[in-house]
Structures are given as structure tokens and as C-alpha cells.
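Student: Got a predicted structure here, sequence first:
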Amino acid sequence: MDYSKLPYYALFLLLFITAQSLSMWGQFVTLPYKNLSMWQAYKMAIPFAWLDWLFMTFTVLVGDKYNLVTPTQDTFLLIIIQFSLILIINQFYLKQTVNKSDIIAFFIILLGFFVSFLHIISKIFNISIPKHPGTNNSDDTHAILKSLQYRALNGKATKDLEYAELAEVDEIDVR
């Protein structure tokens with residue numbers, strides 16, 4: 001791990017947690033109110049969605065700019081943070097009990113994130129972690145290839161792109 005990126009990881013996590021806190025709060029804020037109309041619930045929840053969008057925009061910007069996590073790791077992080085927030089909201093806001101199985105499930109999800117982030121299985125079984133075009137970091141694949149596709153389709157890659165070249169860029173496997 002590149003320790004020079006620690007401040008960026010801290011910023012990324014702070015923004016990610018803030019965005020997801022706003023998102024989850026917006027999803028749960030109306031639950032105690034049994035007689036809200038759809039419009040009233042919408043008016044209560046939509047400001048949280050806007051703020052979530054704003055914070056997530058900066059989160060993605062930081063994550064992509066400094067190549068912090070892969071899309072799969074983003075998804076794991078989203079699940080972990082939302083799961084944690086749901087447990088907290090259930091316990092303190094909705095006054096519902098949190099069971100031992102909920103906590104065990106959380107640690108199973110956390111384990112999956114660390115297996116992915118640290119490439120544990122690949123290292124144990126000596127499975128090569130593929131290098132991807134245009135990068136020295138195997139975690140950059142999806143973002144780089146999607147960026148190439150976007151630039152090519154919007155005419156920003158080169159001035160004289162032919163349609164055949166666009167088709168080649170579009171056929172790049174981004175999995």
C-alpha cells in the first residue's frame with residue numbers, strides 16, 4: 001500500500017461516510033410518521049438525496065483522481081457503510097433491536113472487503129493480479145477504460161477519430 005495516499009484515503013472515507021449517512025437518513029427519516037402523504041415524505045427526503053449526490057460527486061472525484069479503490073471495492077464499502085448505518089438507525093432512531101446475527105453478518109461483509117482490497121486469495125494461491133492497459137495499478141481498469149470510451153465517443157481522444165476506431169474502443173472489455 002502506498003502510504004503517501006493515506007490523507008486521500010481519509011478524505012475519501014470521510015466524504016463517503018458523510019454521503020451515505022445523508023442517504024440513509026433520507027431513506028429512514030419518514031418511517032416514524034405513519035400518516036404522511038407521498039408529497040410530504042418526498043419533501044422530507046429529497047434534500048438528503050441532493051446532499052448525498054453532492055458529497056458522492058466529490059467522493060468519486062477523489063477516488064478516481066488518486067486511484068484509491070476499484071469499483072468492486074466501492075460497492076463493498078457502500079454495503080459496509082450502509083449496513084452499519086442501518087444498524088445504528090434501527091437501534092437509536094427506530095428503537096428496534098440489533099441481533100447477534102446482524103453483527104456476525106457485518107463481520108462477514110467486512111472480511112469480504114479485506115479479501116478483495118488486499119488480494120488475499122490471489123496471493124495465497126499465487127494467482128497473478130492482471131495488469132491493465134494504460135496503468136501500472138491493477139485496480140485502475142474499469143475507470144481508465146470507461147474514460148477512454150467516454151473521451152472517444154465525445155471526440156476528446158483525438159481530432160480525427162474514425163467510426164471504426166470508436167467501435168474498437170467500444171468493444172474493450174471493461175469487466
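Tutor: Looks like it arrived, so ask away. Computed from a predicted model, the values in this text were never measured in an experiment.

Student: how far away is the spatially most central residue of the chain from Met38?
Tutor: In the chain, the C-alpha nearest the mean C-alpha coordinate belongs to Asp74, at 3.0 Å (CA atoms, centre = their mean). In this view, Asp74 and Met38 are 31 Å apart by CB to CB, to the nearest Å. C-betas here are computed from N, CA, C, even on glycine.

Student: what residues are up against the residue nearest to Phe28 when sequence neighbours are not counted?
Tutor: With CB to CB, 6 or more residues apart in numbering as the criterion, Phe28 has its nearest non-adjacent residue at 5.0 Å, and that residue is Ile89. Contacts for Ile89 (CB atoms under 8 Å, 6 or more residues apart in numbering) come out as Met24, Trp25, Phe28.

Student: in this structure, which segments are predicted with low confidence?
Tutor: 1-2, 131-152, 154-175 (pLDDT under 70).

Student: Which positions in the longest helix seen in the chain come out as buried?
Tutor: Secondary structure assigned by DSSP state H gives helix 38-65 as the longest helix of the chain. Within helix 38-65, the residues that qualify as buried by neighbour count (16 or more other CB atoms under 10 Å) are Ala45, Phe48, Leu51, Asp52, Phe55, Met56, Thr59, Val60, Val62, Gly63.

Student: before we move on, the earlier item: select from the contacts of Ile89 the one having the most neighbours.
Tutor: Met24 (20 neighbours; other CB atoms under 10 Å).

Student: Which residue ranges make up each domain of this structure?
Tutor: 3-125, 130-175 (automatic domain parsing).

Student: Pick the most deeply packed of those domains.
Tutor: domain 3-125 (a mean of 14; mean count of other CB atoms under 10 Å).

Student: Now do that domain: distance from first to last residue.
Tutor: 26 Å (CA to CA, to the nearest Å).

Student: just stretch 32-44 next, same as before
Tutor: 12 Å.

Student: and what of stretch 23-37?
Tutor: 20 Å.

Student: Give me the contacts around it.
Tutor: So stretch 23-37 is contacted by 40-41, 44-49, 52, 82, 85-86, 89, 93-94 (CB under 8 Å, 6+ apart).

Student: out of the residues you listed, who's nearest Phe106?
Tutor: Distance to Phe106 across the contacts of stretch 23-37 (CB to CB) is lowest for Ile86, with 10.0 Å.

Student: so which strand or helix has that closest one?
Tutor: Following DSSP states H and E, one finds Ile86 within helix 71-92.

Student: Helix 38-65 and that helix, what's the angle between them?
Tutor: Relative orientation of helix 71-92 and helix 38-65, computed by axes from the mean of the first three to the mean of the last three CA atoms, to 10 degrees: 140 degrees.
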